[in-house]
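Enquirer: mind looking at a prediction? Sequence and model below.
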Amino acid sequence: MLKKLTRRGLAAVSVGLALAAMTAVPASASPVSVHGVLLTGTWTDPGAAITSIDPDGTNYLVGLAGSTTTIGGLTGHSAYTFQVVFDPTANTSRGPGHETFTATLANKGSGHLDLDEYIQVNSDGSELVVGIVVGGDGVFHNATGVTAFLGTTADPSASTISTGRYWMWIDLGR
């Protein structure tokens, strides 16, 4: 029980920090440390394609593939895949995924940025994707960092357009 409460508490704190960062920082790249930058901006996802659906008790395991476009401190396009659990009773989806951006970092250069992520889409259409940087090339070679994408979708099944704001802290390791 304590582990469950601790995980929920840490998740609530993480979401709170991400929301505070997104509302407090304008869409730009700002110095954070000698090597790190705080990036904010907006994102759009035209809607994921469903690649698989498998029953899982009263839920469904759903494979998704799609793309995201970002504007702001990180400008570019991505390709992603997720394996989510869709709960038809609650009309929610959640699960892990991987996303690769081909992007430009303002005033630094361009390259590919690889993220391992976790998505939560709620019945009201609100969604949160959090991730960690797991690789990259070009300007993102040796990069580390964390990401949060907060937005909304008209359909929690993830088959319609989603939009929102993003927050990323990227350390280029230089």
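Expert: Okay, I see it. Everything numeric here is computed off the predicted structure, so don't read it as measured data. Numbering: from 1, shown residues only.
Enquirer: can you pull the contacts of the spatially most central residue of the chain?
Expert: Against the mean C-alpha coordinate of the chain, by Cα atoms, centre = their mean, the closest residue is V129 at 3.5 Å. Counting by Cβ atoms under 8 Å, 6 or more residues apart in numbering, V129 touches 97, 117-120, 147-149. Placement of C-beta: from N, CA and C, glycine included.
Enquirer: quick one: which of these is nearest L172?
Expert: Closest to L172 out of the contacts of V129 is T147 (14.7 Å), distances taken as Cβ to Cβ.
Enquirer: how about the contacts of V129 in CSV, adding secondary structure and neighbour count?
Expert: CSV is the format used below for these (DSSP: H, G, I helix; E, B strand; the rest coil; neighbours: other Cβ atoms under 10 Å):
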residue, secondary structure, neighbour count
G97, strand, 21
E117, strand, 20
Y118, strand, 16
I119, strand, 22
Q120, strand, 16
T147, strand, 23
A148, strand, 23
F149, strand, 26
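Enquirer: flag the shaky bits of this structure, pLDDT-wise.
Expert: Scanning the chain for pLDDT under 70 picks out 1-35, 156-158, 174.
Enquirer: mind running it again at 90?
Expert: 1-37, 105-108, 154-160, 172-174 (pLDDT under 90).
Enquirer: ok, which stretches of it are helices?
Expert: Counting by DSSP state H, one finds helices in the chain at the ranges 2-24.
Enquirer: where along it do the strands fall?
Expert: According to DSSP state E, the chain carries its strands in the segments 29-31, 36-45, 49-56, 59-72, 74-87, 92-105, 109-121, 126-136, 144-153, 162-171.
Enquirer: neighbouring strands - and their directions - for the last one?
Expert: Applying DSSP bridges, strand 162-171 is found paired with strand 36-45 (antiparallel), strand 144-153 (antiparallel).
Enquirer: who wins for proximity to A65 among the ones you listed?
Expert: A65 lies closest to strand 36-45 among those, at 11.4 Å (Cβ to Cβ).
Enquirer: buried set for the closest one?
Expert: 36-41, 43, 45 (16 or more other Cβ atoms under 10 Å).
Enquirer: identify the residues contacting P88.
Expert: 58-60.
Enquirer: about what we covered before: what's across from the residue nearest to the centre of the chain in the sheet?
Expert: Beta-bridge partners, per DSSP bridges, of V129: I119, F149.
Enquirer: and if you look at A103?
Expert: Beta-bridge partners for A103, by DSSP bridges, are G76, G111.
Enquirer: alright, calling it a day.
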